[in-house]
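Undergrad: structure for the following, please:
(2 chains, ligands or ions: 1)
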Amino acid sequence: MEELKTNEKQLIVKKIDNGIVIDHIRPPGRAFHLLKALNIDENYPHSVFVAINVPSKKYGRKDVLKIRNVSEDLLHQSLDVLGLLIAGSNIVYIENYEVVKKEKIKAPERAIGLMSCPGISCITNLREDVETDFIILPIQESLEGLKLRCTYCDKIFNVQEHISLLL
Amino acid sequence: MNDSNLDKRHIIRIRDMSEEFIQTIIDETYQIKNHPNDFNDVLKGKILALAFWEPSTRTRLSFESAMLRLGGQTMGFSSQSGTSIEKGESLSDTITMLASYAHCIVLRHPKRGSGVLAAKVADKYGVPVISGGSGSQEHPTQALLDIFTIHEYHKRLSGLKLGIMGDLRYSRTISSLLYGLSKFGKNEIYSISHPSLGLQEELLFDLSETQLEITTSASLTDVIADLDVLYVTRLQKERFPDPMLYNKVKGAYQVQLEMIRLAKDDLIIMHPLPRVDEIPYGVDRLPQAKYFEQAKNGVYTRMALLKRIITDSKQKARG
Ligand SMILES: [Zn+2]
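TA: Alright, predicted model coming up:
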């Protein structure tokens, strides 16, 4: 058991030369959704390190993501989705193995066209030419996730419980 | 609807309305009810489109009567059958088409959010939209006529004790009424329903920030003696997972003649109609029964609203 911990620790501390690190991703498994949000898959030209279910003193278990040579443009296009998923976490920018910047991921004020509405009787789930539009309720960023409210059907829901509806 | 750049004339949710706007409509409704002939031709030459995706006798005919009494004309459809909607036309396309035919559109649609979408589409053409009910969400014109009726009998919209009974969960009428009353200060609400048909979570969330005090009551008998208003809605069998359960519980949410004997003389009993057996016919003869007067007020309230919306210049109505 002790040996396993050491191995996991070694995996996490392995440094990347250039790119970003997103640590403290919760709940475990969420890292896969982040990759999807960032449009990163096997076709991505650089190395991507994904650690799932890593023991964390503070949170029990967490994920860690390290992406080499990611462009800031790509990252900024996805900031709203990242904000929905992991508001409060930091993006750490690495250059030549050194941390050069930390950026806190903020919850967006509005989520437009980012996910389908879980409201079963919502007009946006009919075959209509309409983008979904949610306001983010002013409840603090927390482990439990952000609360969204559909501007069409008024449904209030926790984004973490409806991750599969992300577009 | 969180879109401040949309035309203020759209009537989609009571939640978005100000107390001042509701008061203006009440004042205008009194004017019209007292002098109906003074308004015979204020909307002459105007066309109201009635777009009803769901059958509705009362709301549609009430709007139609209101428009005709103001000298205007109506056109539209009252169900999906025989229209291009049946062939798969979207709400957006239908509204786009109607916006070029009419000066105002009333829509009734089974989906929540349908009013918001219709308003966004019609807004591009400068045509105001009035929701005649959007799924279980809101029914703003019903609430305006309900609030007018309460004001007519009690001369006030605060300091009231209201009992609401029946299907509170899927009743857009109840949601809109409570949003409306919450603008007028302190009122006490006693909700009487089967646990599976209590008020919507979203509504409770919004109302928690208002002065409306909501208490759950086990039975009407417990509270009837204190009430100023009793608002009853119809229980629908299809809302229960089990028809046996419906048969078992429906009696608990029916008004009984002997209960009314415990009530105050100035209690008013309201119902959005149509009623089935939640209010027995015997109650109709009691002075407290106001549901037919309430329906009649629907025409005057909708006249006030149509006059205001169609004659007003863009962006002004809701102030
Ligand atoms: Zn919705």
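
Undergrad: check the stretch 101-250 of chain B for the residue nearest chain A and tell me.
TA: residue B:113 (2.9 Å; C-beta to the nearest C-beta). C-betas here are computed from N, CA, C, even on glycine.

Undergrad: neighbours of that residue, how many?
TA: 32 (other C-beta atoms under 10 Å in any protein chain shown).

Undergrad: repeat that for residue B:42.
TA: 17.

Undergrad: make sure it is actually in contact with residue B:304.
TA: No. At 10.7 Å, residue B:42 and residue B:304 do not qualify as touching, with contact defined as C-beta atoms under 8 Å.

Undergrad: so where's chain B shaky on pLDDT?
TA: Across chain B, the ranges flagged by pLDDT under 70 are B:1-4, B:86, B:313-319.

Undergrad: biggest helix in it, by residue count?
TA: helix B:291-311 (DSSP state H).

Undergrad: buried residues in that helix?
TA: Residues of helix B:291-311 classed as buried: B:291, B:294-310 (neighbour count, 16 or more other C-beta atoms under 10 Å in any protein chain shown).

Undergrad: how about the CA coordinates for that helix, as CSV?
TA: The C-alpha coordinates for helix B:291-311 follow below in CSV (Å, rounded to 0.1, in the frame of the first residue of the first chain):
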residue,chain,number,x,y,z
TYR,B,291,-65.7,31.9,-10.2
PHE,B,292,-68.2,32.9,-12.9
GLU,B,293,-67.7,36.6,-12.0
GLN,B,294,-64.0,35.8,-12.2
ALA,B,295,-64.3,34.4,-15.7
LYS,B,296,-66.3,37.5,-16.7
ASN,B,297,-63.6,39.7,-15.4
GLY,B,298,-61.2,37.9,-17.7
VAL,B,299,-62.7,39.7,-20.7
TYR,B,300,-62.4,43.1,-19.1
THR,B,301,-58.8,42.4,-17.9
ARG,B,302,-57.8,41.2,-21.3
MET,B,303,-59.4,44.3,-22.9
ALA,B,304,-57.3,46.5,-20.6
LEU,B,305,-54.2,44.5,-21.6
LEU,B,306,-54.8,44.5,-25.3
LYS,B,307,-55.6,48.2,-25.3
ARG,B,308,-52.5,48.9,-23.5
ILE,B,309,-50.2,46.7,-25.5
ILE,B,310,-51.5,47.3,-29.0
THR,B,311,-52.0,51.1,-28.7
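
Undergrad: contact residues of chain A facing the ion?
TA: Residues of chain A lying near the ion by C-beta under 5 Å from the ion: A:117, A:119, A:122, A:150, A:152-153.

Undergrad: show me the helices in the chain, by range?
TA: By default, I'm working from chain A. Under DSSP H, chain A gives helices at A:2-13, A:30-37, A:72-77, A:79-86.

Undergrad: my bad, the chain I had in mind was chain B
TA: Using DSSP H, helices in chain B cover B:19-34, B:58-69, B:91-99, B:114-123, B:140-154, B:172-181, B:201-207, B:220-223, B:243-249, B:257-260, B:291-311.

Undergrad: would you list the ones you listed in a markdown table and tack on distance to the ion?
TA: As requested, those are exported to a markdown table (distance: least, C-beta to the ion, whole Å):
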| stretch | distance to the ion |
| --- | --- |
| helix B:19-34 | 25 |
| helix B:58-69 | 23 |
| helix B:91-99 | 14 |
| helix B:114-123 | 9 |
| helix B:140-154 | 18 |
| helix B:172-181 | 15 |
| helix B:201-207 | 11 |
| helix B:220-223 | 34 |
| helix B:243-249 | 28 |
| helix B:257-260 | 39 |
| helix B:291-311 | 26 |
